[in-house]
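> please find the sequence and the predicted model below.
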Protein chains: 2
Amino acid sequence: MKTRDRILAQSLALFNEDGAPAVTTNRIAADLGMSPGNLYYHFKNKQQIVEHLLRRFDDVLAPFANAADSVHELDDLWLALHLLFENIHAYRFVYRDADYLMREYPALAPRLHRMTQAQLAAMRRIYLALSQRGVMRASEQEVELLALHTVLVITCWLSFSRLVPEALGTQNDSGRAAYHVLTLLGPYLEDDARPYLVYLTHKYLK
Amino acid sequence: MKTRDRILAQSLALFNEDGAPAVTTNRIAADLGMSPGNLYYHFKNKQQIVEHLLRRFDDVLAPFANAADSVHELDDLWLALHLLFENIHAYRFVYRDADYLMREYPALAPRLHRMTQAQLAAMRRIYLALSQRGVMRASEQEVELLALHTVLVITCWLSFSRLVPEALGTQNDSGRAAYHVLTLLGPYLEDDARPYLVYLTHKYLK
């Protein structure tokens, strides 16, 4: 691995593990057996490291934004969300420490806003497509609210599950997280689409 | 104000403004024109300050936990949620920095877990009461999921609204936050209860 990639990989691991506020560039360099000067040669400060990781996170989320065209049934959506939660878990410091990151590095806020808007747009397209296919039935305004609630749950799931560990588990369980997003759709599903949600409920709630 | 209360008030203001990770006891003392020694006489470390603030937050949330008995209609719930969001905003560092707080002070995690469980229990009771009164219609399992989604939105609203400032506003707007919680109930409302939600939609979405 190139030095640059090693620095990013180690930074990601430390940010995820100890929280972005607690990790200094000196710590990252020390953990890599590298001098701070060598690290600064590649990234002149912590902000640059965060910026690069945020860009990579944005890249791994891109497939989800394009998933709308391939989500035809409820199980397609479950799979797309499952993969999305895997990616969020891999970069879990981003949403968890979003407040710190935007406060400390205001220049990064527009990207986070854009990423959230892209997810809202993707969810809107997915729900409209599912409505057109007769999987669910929802008005335009309901689609709008559903998209908002969905992205809120996606964004906050990992943080929230640490507040109710008994009920939701603190472990990474992307399948269960994806199921919980689908339960938002419960009242909007047409009869043909219900059995899959019942199946998931048996799988994750028992 | 007693010195002890002045320290807590100043700590709360700084935690809310700059984030709990960034605020040291030296900074709190300096802002009060107090020697660190004087502060330590009252609180031996930052954890003790956080602990006291968390206890006060818990106290101000207590009325909501008991609101179930007085929530008879949808507008009662809107009002109870409005007041709840006011209190959360006054102690906004707690949910925003929850991850940091539990990581840094593991002894505080049980209280945060208990507080979240108490809110889940309160929402369950409220939704069951509203179902019995014919305001909404939901199965026991739907009430369970609704309670979970409601508490997730309550807990994460302030953090999430910073990710979509155009749509939700970054300002403190407890009325709008309360409205967004009520929209979760949309599909479960009986016809008589709908006009109030329509009224709120006109008020907050236009």
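In hand now; what should we look at?

> the longest helix along chain A: which residues count as buried?
When chain A is parsed with DSSP state H, its longest helix is helix A:109-132. For helix A:109-132, a neighbour-count test (16 or more other C-beta atoms under 10 Å in any protein chain shown) marks A:109, A:112-113, A:115-116, A:118-120, A:122-131 as buried. To be clear about C-beta, it is placed using only N, CA and C from the backbone, and glycine gets the same treatment.

> and those residues near chain B, which?
Restricting those to those touching chain B (C-beta under 8 Å from any C-beta of the partner chain) yields A:112, A:113, A:116, A:120.

> I'd guessed residue A:85 sits against residue A:177; true?
Yes - Residue A:85 is within contact range of residue A:177, at 4.6 Å (criterion: C-beta atoms under 8 Å).

> which residues do those two both contact?
Shared contacts of residue A:85 and residue A:177, defined by C-beta atoms under 8 Å, 6 or more residues apart in numbering or on different chains, comprise residue A:157.

> about what we covered before: can you redo the ones next to chain B among the buried residues of helix A:109-132 as TSV with pLDDT?
Listed next are those as TSV, based on pLDDT from 0 to 100:
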residue	pLDDT
A:112	96
A:113	95
A:116	95
A:120	95
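
> and the two most separated of those?
Using C-beta to C-beta, these span at most 12.9 Å, a distance reached by A:112 and A:120.

> mind listing what the closest residue to residue A:174 other than its chain neighbours touches?
Counting by C-beta to C-beta, 6 or more residues apart in numbering or on different chains, residue A:174 lies nearest to residue A:85, which is 3.6 Å off, once chain neighbours are set aside. Residue A:85 is in contact with A:154, A:157, A:174, A:177, A:178, counting by C-beta under 8 Å, 6+ apart.

> distance of residue A:179 from chain B?
Remark: distance between residue A:179 and chain B (C-beta to the nearest C-beta, to the nearest Å) = 11 Å.

> which one is residue A:127 nearest to, not counting chain neighbours?
Nearest non-adjacent residue to residue A:127, counting by C-beta to C-beta, 6+ apart: residue A:143, 4.5 Å away.

> quick one: the one you found and residue A:125 touch, right?
No - when contacts are counted by C-beta under 8 Å, residue A:143 is not listed as touching residue A:125 (9.5 Å).

> worst-scoring helix or strand of chain A, pLDDT-wise?
Least confident helix or strand of chain A, by mean pLDDT, DSSP states H and E, is helix A:165-168 with a mean of 75.

> which is the next helix or strand following that helix?
Next helix or strand after helix A:165-168 toward the C-terminus (DSSP states H and E): helix A:174-183.

> what ranges of chain A fall below the confidence cut-off?
Counting by pLDDT under 70, chain A has low-confidence residues at A:169-171, A:206.

> what's around residue A:141, how many residues?
By other C-beta atoms under 10 Å in any protein chain shown, the residues close to residue A:141 number 12.

> report the secondary structure element holding the spatially most central residue of chain A.
Nearest to the geometric centre of chain A sits residue A:88, at 3.4 Å (C-alpha atoms, centre = their mean). According to DSSP H and E, residue A:88 maps onto helix A:74-90.

> circling back to that earlier point, closest to chain B among the ones next to chain B among the buried residues of helix A:109-132?
Among these, residue A:116 lies closest to chain B (C-beta to the nearest C-beta), at 4.4 Å.

> can you tell me, leaving aside adjacent residues, what's nearest to that closest one?
Of all residues not flanking residue A:116 in the chain, residue B:163 sits nearest, at 4.4 Å (C-beta to C-beta, 6+ apart).

> do the same with residue A:109
Closest residue in space to residue A:109, ignoring its immediate chain neighbours: residue A:102 at 4.4 Å, by C-beta to C-beta, 6+ apart.

> outside of the host helix or strand of that neighbour, which residues touch it?
Assessed by DSSP H and E, residue A:102 sits inside helix A:98-104. In this structure, residues lying in contact with helix A:98-104 by C-beta under 8 Å, 6+ apart are A:20-21, A:47, A:50, A:54, A:94, A:108-109, A:112, B:18-19, B:21, B:96-97, B:159, B:162-163.

> if we use 7 Å, what do you get?
A:20, A:21, A:50, A:108, A:109, A:112, B:19, B:21, B:96, B:159, B:162, B:163 (C-beta atoms under 7 Å, 6 or more residues apart in numbering or on different chains).

> export it as PDB, just CAs?
Only the C-alpha atoms of helix A:98-104 are listed here, as PDB (Å, rounded to 0.1, in the frame of the first residue of the first chain):
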ATOM      1  CA  ALA A  98     -20.800  15.000  12.100                       C
ATOM      2  CA  ASP A  99     -21.400  17.800  14.500                       C
ATOM      3  CA  TYR A 100     -17.800  18.000  15.600                       C
ATOM      4  CA  LEU A 101     -16.600  17.800  11.900                       C
ATOM      5  CA  MET A 102     -18.800  20.600  10.700                       C
ATOM      6  CA  ARG A 103     -17.900  22.800  13.700                       C
ATOM      7  CA  GLU A 104     -14.200  22.100  13.400                       C
END
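
> how far off centre is it?
Averaging C-alpha positions (C-alpha atoms, centre = their mean, to the nearest Å) puts helix A:98-104 17 Å from its chain's average.

> then stretch A:82-94?
Centroid displacement of stretch A:82-94 relative to its chain, using C-alpha atoms, centre = their mean, is 5 Å.

> which parts of the host helix or strand of residue A:10 are buried?
Here residue A:10, judged by DSSP H and E, is contained in helix A:3-18. Neighbour-count burial for helix A:3-18, counted by 16+ other C-beta under 10 Å, picks out A:7, A:8, A:10, A:11, A:12, A:14, A:15, A:16.

> again with stretch A:33-42
Neighbour-count burial for stretch A:33-42, counted by 16+ other C-beta under 10 Å, picks out A:34, A:39, A:42.

> same list (those residues) but as JSON lines, adding distance to residue B:79.
Output for the buried residues of stretch A:33-42, formatted as JSON lines (distance: C-beta to C-beta, whole Å):
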{"residue": "A:34", "distance to residue B:79": "57"}
{"residue": "A:39", "distance to residue B:79": "54"}
{"residue": "A:42", "distance to residue B:79": "55"}
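
> I am finished for the moment; much appreciated.
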